[in-house]
Structures are given as structure tokens and as C-alpha cells.
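S.K.: any chance you could fold what I've pasted below:
(one chain, ligands or ions: 1)
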Amino acid sequence: MNIPFIDLKKQFTRIEEQVRGNMDAVLEHGAYIMGPEIKALEERLAEYCGTKHALGCASGTDALVLALMSFDVKPGDAVFTTPFTFFATAEAIAFLGATPVFVDIDPVTFNINPLKLNEAIMAMKGEGGHILPAVEGLTPKGIISVDIFGLPADFDAISAVAKKHDLFLVEDAAQSFGGEYKGRKACSLGDITCTSFFPAKPLGCYGDGGMCFTDNDELIERLRSHRVHGQGPDKYDNIRLGINGRLDTLQAAILQAKFDVFPEEVELRDEVATRYAELLSDIPGLTVPTVPKGDRSVWAQYCPLAESTEHRTRIQDALKEAGVPSPIYYPIPMHLQTAFKDLGYKMGDFPISEDAANRIFAIPMHPYIERETQEMIADVIRKA
Ligand SMILES: Cc1ncc(COP(=O)(O)O)c(C=O)c1O
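M.R.: From the prediction side, this is the model:
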């Protein structure tokens, strides 16, 4: 028996009629590019997240690129971020010719450590502390915090650092749409927040999609312009560079149907995570994920830590034998990625991220997983 890591089929069975109806409506009106579903979705999701504006775009990666373009990120700029993320976070920075500067994570939340963030910025500004290899001649410009696995980063502390050093803060909420930080929704925390609607995400479409959120009237205009080739008020006079970064109307129609059941799915995800914690937390050598008081993870991934790499291999082998996928997010931290070798980092630079990469693994997590399946998975892990 093969257990799906994420069961999109079960979800589709539930929302099929609505999805097909919404798609049919698009086929009827034919406005495939920037149809009315885009604005309707933007308004609905902005309201859910509690932001003034939202802007649909073609992917989470494009959302990050658009956000950085809106802050005029360019060669010579340093943008501080976590090494423990998906490649796109750091790639967006380097794509614009700027330099990603990495800062190690908190060992419990796996999110960027605000104290180390402050130290790194001070070091770059020559205000004390050690200088990392990648920082010479760069100007601190901004921060991208990442809400890894669906848990918002420590926004209050990070935002205080951003304000102190006059840096912009982009929240990479690709994994955390639906999460909460001290009663505020994820996606409302950065100067601009970026999310992804990749199918496996908590709110996913049936292709690529993403969204930027902001409260700032000027930034939303910049984002809007960059989304369509730097368009100005006159459609054929482009006043800056941009990309073709629009969200498809069909994907927006699908997201509308998916969002109808999303708040309930967030609750179901929480129940699944609570059950995993009950089933797994007394297994010797295994650390289950925890959520700081007052916050909420949307559990994009459920990632326990094994005691060692060998322990993880044993668990993964046993899970594979039982037909249970257990992918590793993420096996290679950003500072050790081949594409970033010229930045000059080396193994040992970010020990917490490296240790997490060596011991972490994910197990199936979606709103429709059954109790018996969770019990079976826990059993296999316990025996391993
Ligand atoms: C943290 C993070 N940032 C950015 C992205 C990029 O999103 P997309 O795949 O929609 O381009 C992802 C997607 O996996 C992600 O997990």
C-alpha cells in the first residue's frame, strides 16, 4: 500500500462540483488573462489575511522577485535571509544581482534567529562582531524572513531589527498562508509578504500561482507595474522593467473553490498535527515540532527530528518499506548550494541549519489523513 504524502484527490472529490463550476464560468467569459476572478480572489484573500492590498502573480518565486523589484534591490545590495529554506528565497535575491547574506536559525522553530540577524547586520555595518565571508563592500538593504513549514517567524523581534537598521522586511509566507503570529495572520507581517499556491501548499491551485500582500499604497502600485513588464498609466509606455508575472484566471477560479473549504482545512491540519504529537512525542530520540504559545502553524510540512543521520536513515528505510514517503526538507542549506559556491561559505558556517538538514524528515500531512494511517506511521517510526 502506498500512502500519499499529500492527498489532493480526496480534496478534489469534496470540491469537484465547485471547481468545475468556477472553471466553466471562466471558459464562458473567456477572460483568461486578468479576468474578474483575479480581483475577486485578491480582495477575498486580503480580507482573510487582514491586509489592505493583495496582488495575484504567477508563482511564489515571482512574488518574491516582484517584492524585491519594488524595493529596487540591485547589485551591491545585501539581503539577509535564512539558509534553511527552499532555494527560491535566496535565488530571488541573486536573480536581481544582489547578494543573499545568510543568518542561522533557531533550533526549535527552524526560522531565522533575530539575535544573530542583528549581529550579522551590525558586523556588515562595521559596528562590531564577526564578518561573514560574503559581506565585503555590500550595503544592507533588506531582510527576507521565511515562515518555514507553515510556522510564522518571530516577527516582532525581526521587525524591530529591520526598523533599527532601516531595512525592508519581506515575509516569505510561501508555506504559511493560514498560519498565525500572536493573533495576526501570516501574510500580513512583512512590508510585503509573498505566498505560493503551488499545488502542495496549504492553499494550492492546480498549477503555479502566488500572491503578494501589503498595506502600503505605493508598494502595491510598484508591484502592479512590475507584474506586467513595468507598465505605466499608458499601457504601451513602460516606465520601468518588470516581468510577465500574472496569475492565470483559471487558477484564480480554482483557488476560489479551494478557499471555500480552506478555513475548515486549517482546523483539520491542526487536528492531524496534534494527533501526530500525541503518537510520536514519547519515542526516544525523536523530537516532534512545537509551536510557540500564541502562534499557529498551518503545517505545510510535519517535520520531526531524528537523533542522528543514522537514526533518520533507519526510520526512512522502515517507512519506505511500509509505503510511506518521508522526504527531507531541506537536505542542503542555502550556503552549501552549488549555485552559491562563489559566495564563499563553507560547511560549519551555520551549524544549526546544517544539523537540522542532517536529522530532519517529513511525514504525510494533509487535512484528510485518517487516524489509522497516522497510527500506522507512528508505529513504524517507533519500531525503527
Ligand atoms: C519558502 C519558499 N519560498 C518560495 C517558494 C517558491 O514558490 P513557487 O514554487 O510557487 O515558485 C517556495 C515553494 O516551495 C517555498 O517553499
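
S.K.: all contacts plus neighbour counts: C-alpha atoms, from now on.
M.R.: Noted.

S.K.: next up, the contacts around residue 80.
M.R.: Residue 80 is in contact with 100, 101, 102, 103, 117, 140, 142, 143, 144, counting by C-alpha atoms under 8 Å, 6 or more residues apart in numbering.

S.K.: and the fourth one, how close does it get to residue 43?
M.R.: Which is residue 103. 35 Å (C-alpha to C-alpha, to the nearest Å).

S.K.: the second one now?
M.R.: Relative to residue 43, residue 101 is positioned 34 Å away (criterion: C-alpha to C-alpha).

S.K.: more neighbours: the two, which one.
M.R.: residue 101 (29 against 16; other C-alpha atoms under 10 Å).

S.K.: a markdown table for the contacts of residue 80, including distance to the ligand?
M.R.: Output for those, formatted as a markdown table (distance: C-alpha to the nearest ligand atom, whole Å):
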| residue | distance to the ligand |
| --- | --- |
| 100 | 14 |
| 101 | 16 |
| 102 | 14 |
| 103 | 15 |
| 117 | 18 |
| 140 | 21 |
| 142 | 16 |
| 143 | 14 |
| 144 | 10 |
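
S.K.: so residue 100 touches residue 93, yeah?
M.R.: Yes - the criterion here is C-alpha atoms under 8 Å, and residue 100 meets it with residue 93 at 5.9 Å.

S.K.: identify the contacts common to those two.
M.R.: With C-alpha under 8 Å, 6+ apart as the test, residue 100 and residue 93 both reach residue 79.

S.K.: following element in sequence after the strand or helix carrying residue 79, please.
M.R.: Using DSSP states H and E, residue 79 sits in strand 77-81. Per DSSP H and E, the first helix or strand lying C-terminal to strand 77-81 is helix 87-95.

S.K.: show me the contacts of residue 80 that map onto strands.
M.R.: 100, 101, 102, 140, 142, 143, 144 (DSSP state E).

S.K.: any idea what the third one is bridged to?
M.R.: Counting by DSSP bridges, residue 102 is bridged to residue 81.

S.K.: ok, it to residue 96 distance?
M.R.: 17 Å.

S.K.: so which of these two has more stuff around it?
M.R.: Between residue 102 and residue 96, counted using other C-alpha under 10 Å, the more crowded position is residue 102 (27 against 16).

S.K.: tell me the pLDDT of the more buried one.
M.R.: The model reports residue 102 with a pLDDT of 97.

S.K.: cool, the one 3 residues further on as well?
M.R.: According to the predicted model, the pLDDT of residue 105 comes to 98.

S.K.: which helices and strands sit right next to the helix or strand harbouring residue 221?
M.R.: Here residue 221 sits within helix 217-227, counting by DSSP H and E. Under the contact definition 3 or more C-alpha pairs under 8 Å, 6 or more residues apart in numbering; DSSP states H and E, helix 217-227 sits against strand 53-57, helix 60-70.

S.K.: between these, which one is closest to the ligand.
M.R.: Closest to the ligand of the helices and strands packed on helix 217-227 is helix 60-70 (C-alpha to the nearest ligand atom; 3.4 Å).

S.K.: got the angle for the closest one vs helix 217-227?
M.R.: Angle of helix 60-70 versus helix 217-227, following axes from the mean of the first three to the mean of the last three C-alpha atoms, to 10 degrees, is 120 degrees.

S.K.: who touches helix 60-70?
M.R.: With contacts defined as C-alpha under 8 Å, 6+ apart, helix 60-70 is touched by 57, 88-89, 92-93, 95-96, 170, 172, 174, 192-198, 209-212, 219, 222-223, 226-227, 242, 245.

S.K.: filter those residues by proximity to the ligand?
M.R.: Applying C-alpha under 6 Å from any ligand atom, the subset of the contacts of helix 60-70 adjacent to the ligand comprises 88, 89, 172, 174, 196, 197, 198, 209, 210.

S.K.: which helix or strand contains the residue nearest to residue 193 when sequence neighbours are not counted?
M.R.: Nearest residue to residue 193, sequence neighbours excluded (C-alpha to C-alpha, 6 or more residues apart in numbering): residue 171, at 4.5 Å. Secondary structure from DSSP H and E places residue 171 in strand 168-172.

S.K.: so which elements touch that strand?
M.R.: strand 139-146, helix 155-164, strand 192-196.

S.K.: let me see the contact set for the residue nearest the centre of the chain.
M.R.: Nearest to the mean C-alpha position of the chain, by C-alpha atoms, centre = their mean, lies residue 174 at 2.7 Å. Residues near residue 174 by C-alpha under 8 Å, 6+ apart: 60, 147, 194, 195, 196, 197, 201.
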